[in-house]
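Undergrad: Show me how the following folds:
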Amino acid sequence: MDIRLKEISFEEIDEYVKIPIKFKVERILEVKLIDNGLGGIELVEKELDESYIKDYDKDSDLKELEDEFDTSNWGFFAAFLEGELVGGVIIAYDTEGVNMLSDRNDMAVVWDIRVHPEYRGKGIGYKLFQKAVEWSKEKDCKLLKVETQNINLKACEFYIRQGCKLGCVDRYAYSKEEDLSHEVMLLWYLELR
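TA: This is a model prediction of the structure:
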């Protein structure tokens, strides 16, 4: 399979967002507190009684990124298979106002990574993640950070396979948003040095 990665500009985001990012939620990682958290936490895989479709694009609009942030320090990459756009990754770095960067210039964040559903499981996500790692190392970053949720078990498993370690579980990150309040934020980190 000849997967080609190409750096793209923000002006090409209209094509990028045509890659669907939705997935079926059938299992979640349930957060169980041990001794109210003093004894730690346990993430337990749980099968849902009823599955549903999660679409990250419904909750955010990548086309508005440049209205919110100066993306001149960001990396935008697309994956092509036989000339067809099948995936992409966006990496944020050294940008004022991006809370995920924690005011650090030695950390990058995978802002978005997506692979067309028809091409998932074929190594495209791996190549995109490796591109994010390589790009972040070129910026002298010590850490690469990725956010996902307890409802995206396949993504969690993917990040573990890439060598990431769970660094934060925030049970209340989305509690302001009623339709997301059942989701738990999971922050994954990959040490780059």
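Undergrad: C-alpha coordinates for the longest helix seen in the chain, PDB please?
TA: Looking across the chain with DSSP state H, the single longest helix is helix 124-138. C-alpha atoms of helix 124-138 as PDB (Å, rounded to 0.1, in the frame of the first residue of the first chain):
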ATOM      1  CA  ILE A 124      -2.500   5.300   7.600                       C
ATOM      2  CA  GLY A 125      -3.100   6.500  11.200                       C
ATOM      3  CA  TYR A 126       0.300   5.100  12.100                       C
ATOM      4  CA  LYS A 127       2.100   7.000   9.300                       C
ATOM      5  CA  LEU A 128       0.200  10.200  10.300                       C
ATOM      6  CA  PHE A 129       1.100   9.800  13.900                       C
ATOM      7  CA  GLN A 130       4.800   9.200  13.000                       C
ATOM      8  CA  LYS A 131       4.700  12.300  10.900                       C
ATOM      9  CA  ALA A 132       3.400  14.200  14.000                       C
ATOM     10  CA  VAL A 133       6.300  12.800  16.000                       C
ATOM     11  CA  GLU A 134       8.900  13.600  13.400                       C
ATOM     12  CA  TRP A 135       7.500  17.200  13.000                       C
ATOM     13  CA  SER A 136       7.500  17.700  16.700                       C
ATOM     14  CA  LYS A 137      11.000  16.500  17.100                       C
ATOM     15  CA  GLU A 138      12.100  19.000  14.400                       C
END
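Undergrad: How far does that helix sit from its chain's centre?
TA: 12 Å (C-alpha atoms, centre = their mean, to the nearest Å).
Undergrad: and stretch 145-164, how far from the chain's centre?
TA: On C-alpha atoms, centre = their mean, the centre of stretch 145-164 falls 8 Å from the chain's centre.
Undergrad: circling back: which residues sit against the longest helix of the chain?
TA: By C-beta atoms under 8 Å, 6 or more residues apart in numbering, the list of residues contacting helix 124-138 from outside reads 3, 5, 75, 77, 79, 81, 86-89, 91, 93, 108, 110, 113, 115, 144, 158, 162, 190, 192. For the C-beta atoms, the positions are set from N, CA and C on the backbone; glycine is no exception.
Undergrad: What about these, which are in strands?
TA: Applying DSSP state E to the contacts of helix 124-138, the entries found in strands are 3, 5, 75, 77, 79, 81, 86-89, 91, 93, 108, 110, 113, 115, 144, 190.
Undergrad: From the centre of the chain, give me the residue that's furthest out.
TA: Within the chain, Asp35 marks the point farthest from the mean C-alpha position, 30.6 Å out by C-alpha atoms, centre = their mean.
Undergrad: so where do the helices sit in the protein?
TA: 13-16, 56-59, 65-68, 124-138, 153-161.
Undergrad: closest to Tyr174 out of those?
TA: helix 56-59 (9.4 Å; C-beta to C-beta).
Undergrad: Tell me the buried residues in the closest one?
TA: Tyr56 (16 or more other C-beta atoms under 10 Å).
Undergrad: For it, C-alpha coordinates in CSV please.
TA: Extracted C-alpha coordinates of helix 56-59, given in CSV (Å, rounded to 0.1, in the frame of the first residue of the first chain):
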residue,chain,number,x,y,z
TYR,A,56,-16.2,15.0,16.4
ASP,A,57,-16.9,17.4,13.5
LYS,A,58,-20.4,18.0,14.9
ASP,A,59,-18.7,19.4,18.1
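Undergrad: All good on my end, thank you.
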